[in-house]
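Asks: the following block contains a protein sequence and its predicted model.
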Amino acid sequence: MSGGSGSGVYDPVTTTDVQFGDADDRHCKFQVRGGRIYNFGTYKKSGIKAVCDEIRNRSRPKCLFIVFVTTLVLILMMLAIVIAASHKRDKGTDPAFEAWTNKSNGNPASVPIFETWSNRSNGLVFVPYGLDKSVHIHIKLEEENVINALTGTLEEVTKDYQILKQQSAQYVDCNSTYAPQDKVCKQPLSSFGKYCSREHRWGYTHGQPCVLLQLRLPQDVTVRSTRPKDGDLYVQAEKSLGNRTSVSHVGVSCEPASPADAKNFYEKSHFGDTIQYFPAEGFPTYVYRKRTTDEFLTPAVMVWFTSLRDLKPTRINCKTWGVFENDKRERLSQDLYSTSFVLHID
């Protein structure tokens with residue numbers, strides 16, 4: 001007898017044939033009725049475990065999304081650090097590039113700040129200089145006024161090397177055995193090469209600029225070329241000058257200041273070497289002798305840069321390779337006779 005009986009004995013209740021008409025019941029993981037737990041469908045778990053699983057299943061997509069976003073942010077931060085480190089390494093400690101950041105407040109500067117050009121009387125001096133009187137020689141190929149200003153400076157400085165300026169008897173041709181103290185040693189414009197000339201606008205209209213170097217020494221300073229007894233200085237000079245070494249000249253060499261600057265040169269040039277010197281030997285030592293005349297023509301070397309890339313400021317370091325001494329026979333610092341400038345073709 002199913003249901004109740006007079007004897008009080010009830011048949012066992014099973015869950016296999018129990019059906020509920022309530023639509024909500026069909027979608028429940030469990031049902032609690034009359035103090036009993038009835039499992040439906042394929043769920044055979046306890047109610048607490050089922051609830052936990054449900055919470056876990058609902059939380060998993062959100063957790064995965066959070067993990068994905070966090071990982072992506074970390075990857076982007078690492079890439080930013082690597083790029084920043086690489087950028088800093090390429091620029092090195094060059095003041096011209098450090099100046100892109102305003103040191104006073106840490107904010108980017110609107111324009112880079114370069115060192116001021118120095119017209120010193122003792123040392124290695126270059127011309128032209130930047131239009132802002134800095135070491136930044138900014139060559140804007142499309143702006144005629146900029147080209148005129150830069151080449152105009154060179155034309156003004158090189159006037160003293162014109163033949164017409166050296167016609168008087170006061171000027172003589174000097175060499176290692178003849179350099180009278182009461183005369184002025186000649187140096188003609190032709191010694192600066194064919195391309196580094198007024199006719200070719202000193203190379204500035206074609207992005208192949210010529211830079212004039214003057215070695216200025218006071219009367220009490222003498223100079224000689226390096227010798228084997230000078231040790232490392234001699235070895236470095238031989239390496240830097242190559243076949244341009246001369247016992248009667250102080251050689252000069254110019255090179256990119258860093259590997260990053262070196263990348264701003266094309267590997268080859270139609271004109272031969274990417275950096276050329278006129279005269280190739282450098283500055284004649286016999287010109288820097290004791291003199292009895294106030295008139296003096298400072299020896300100069302024209303440096304021609306034949307393969308610079310456009311749009312990239314390039315730091316150049318130039319150095320003389322000689323031994324400088326004062327009248328007390330004290331050796332002077334080599335750094336005094338070096339210089340640095342930035343070439344920038346736009």
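Replies: Looks like it came in fine.
Asks: quick one, strands of the stretch 201-346 of the chain?
Replies: Along the stretch 201-346 of the chain, the stretches classed as strands by DSSP state E, counting those that start in this stretch are 210-216, 222-225, 249-256, 275-278, 283-284, 300-305, 314-325, 338-345.
Asks: and the second one, what does it pack onto?
Replies: This means strand 222-225. Counting by 3 or more CB pairs under 8 Å, 6 or more residues apart in numbering; DSSP states H and E, the packing neighbours recorded for strand 222-225 are strand 249-256, strand 314-325. The way it works is simple: take the backbone N, C-alpha and C, and place the C-beta from them, glycine included.
Asks: could I get these as JSON lines with mean pLDDT?
Replies: Conversion of the helices and strands packed on strand 222-225 to JSON lines gives the following (pLDDT from 0 to 100):
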{"stretch": "strand 249-256", "mean pLDDT": "97"}
{"stretch": "strand 314-325", "mean pLDDT": "96"}
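Asks: using a markdown table, please lay out these together with distance to residue 196 and mean neighbour count.
Replies: Output for the helices and strands packed on strand 222-225, formatted as a markdown table (distance: least, CB to CB, whole Å; neighbours: other CB atoms under 10 Å):
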| stretch | distance to residue 196 | mean neighbour count |
| --- | --- | --- |
| strand 249-256 | 14 | 22 |
| strand 314-325 | 15 | 21 |
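Asks: residue 209: which of those is closest?
Replies: The stretch from the helices and strands packed on strand 222-225 with the least distance to residue 209 (CB to CB) is strand 314-325; that distance is 10.5 Å.
Asks: for that closest one, packing partners?
Replies: Taking 3+ CB pairs under 8 Å, 6+ apart as the contact cut, strand 314-325 packs with strand 123-127, strand 210-216, strand 222-225, helix 232-241, strand 249-256, helix 259-262, strand 338-345.
Asks: and that strand, how far from the chain's centre?
Replies: 20 Å (CA atoms, centre = their mean, to the nearest Å).
Asks: stretch 205-223: end-to-end distance?
Replies: Taking CA to CA, to the nearest Å, the span from the opening residue of stretch 205-223 to its closing residue is 36 Å.
Asks: avg pLDDT for it?
Replies: In this model, stretch 205-223 carries a mean pLDDT of 95.
Asks: report the distance from it to the chain centre.
Replies: Here stretch 205-223 is found 24 Å from its chain centre; the criterion is CA atoms, centre = their mean.
Asks: for stretch 129-140, same thing?
Replies: Its chain's average C-alpha position is 17 Å from that of stretch 129-140, according to CA atoms, centre = their mean.
Asks: show me which residues of it are buried.
Replies: Within stretch 129-140, the residues that qualify as buried by neighbour count (16 or more other CB atoms under 10 Å) are 129-130, 134-139.
Asks: just the closest of these to residue 238, please.
Replies: Here the nearest of the buried residues of stretch 129-140 to residue 238, counting by CB to CB, is residue 135; it sits at 28.6 Å.
Asks: how much space between the closest residue to the closest one other than its chain neighbours and residue 188?
Replies: The spatially closest residue to residue 135, leaving aside those adjacent along the chain, is residue 341, at 4.5 Å (CB to CB, 6 or more residues apart in numbering). As defined by CB to CB, to the nearest Å, residue 341 lies at a distance of 25 Å from residue 188.
Asks: neighbour count winner among those two?
Replies: More neighbours sit around residue 341 than around the other of residue 341 and residue 188, counting by other CB atoms under 10 Å; the figures are 26 against 12.
Asks: OK, contacts around the more buried one?
Replies: Contact analysis of residue 341 by CB atoms under 8 Å, 6 or more residues apart in numbering lists 126, 129, 135-137, 211, 315-316, 318.
Asks: so where's this protein uncertain?
Replies: By pLDDT under 70, the low-scoring segments of the chain are 1-63, 82-112.
Asks: ok, 50 please
Replies: Residue ranges of the chain with pLDDT under 50: 1-36, 38-45, 87-110.
Asks: tell me the SS of the spatially closest residue to residue 134 that is not a sequence neighbour?
Replies: The spatial neighbour of residue 134 that comes closest, neighbours along the chain excluded (CB to CB, 6+ apart), is residue 114 at 4.1 Å. Reducing the assignment to helix, strand or coil with DSSP: H, G, I helix; E, B strand; the rest coil, the entry for residue 114 is coil.
Asks: ok, how many other residues are close to residue 114?
Replies: For residue 114, the count of nearby residues is 25 (other CB under 10 Å).
Asks: same thing with residue 299?
Replies: Residue 299 sits with 24 neighbouring residues when counted by other CB under 10 Å.
Asks: what comes up buried for stretch 328-344?
Replies: Along stretch 328-344, the positions that meet the burial threshold by neighbour count (16+ other CB under 10 Å) are 332, 337, 339-344.
Asks: please report how far residue 206 lies from residue 313.
Replies: 19 Å.
Asks: how close does residue 70 get to residue 81?
Replies: Using CB to CB, one gets 17 Å for the distance from residue 70 to residue 81.
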